[in-house]
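> here is my input; please provide its structure:
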Amino acid sequence: MRAMLPLLFSLSLPAAAQELPAGLPGMEVGVQAGSTGVGQTVQVECAPFIINGAGQEVKHAGGGAAGRDVGINGAGSRVLLTGDCREVTINGATLVVAIASVERLIASGMSNAVTWAAGPKGGSPAVENMGMGNVVKQAPMP
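This next block holds a predicted model:
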């Protein structure tokens, strides 16, 4: 049996939007203001896609037909998820998140604006809004 470790690296994003690749089996992206360079990477199967950071613009194409889990943590970032997601968990403050397709949406934190365009089979996703001042609603993709 082989050990499964999360894919972990640091990424410095410019002020302009940064597009991240889809189709990786799993990865975690740590975005820190002023960080430079790339750290170590270890590939794993079925890990969620994690976005950590503040004041960034990130676009991710999601996980394809099978969907994938996505976690978004931070403050003041704008995140656009253009593919199919199984579960999206948002934890932070003043995040602006737009999701093309999601089955389950969990929002915590404060003053986050979260929109989704479609749920499973054209319906609505399961939504848990546990934060304060969060707005979670259906809207077309920007």
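
> show me what the helix or strand hosting Lys59 is packed against.
Taking DSSP states H and E as the definition, Lys59 sits inside strand 57-60. Applying 3 or more Cβ pairs under 8 Å, 6 or more residues apart in numbering; DSSP states H and E, one finds that strand 57-60 makes contact with strand 18-20, strand 49-54, strand 78-93. C-betas here are computed from N, CA, C, even on glycine.

> indicate each strand paired with the longest one and its parallel or antiparallel sense.
To tie it back to what came earlier, the one meant is strand 78-93. Strand 78-93 has the following strand partners under DSSP bridges: strand 57-60 (parallel), strand 69-75 (parallel), strand 96-110 (parallel).

> tell me which of those lies nearest to Pro120.
For Pro120, the closest of the strands paired with strand 78-93 is strand 96-110, at 4.8 Å, according to Cβ to Cβ.
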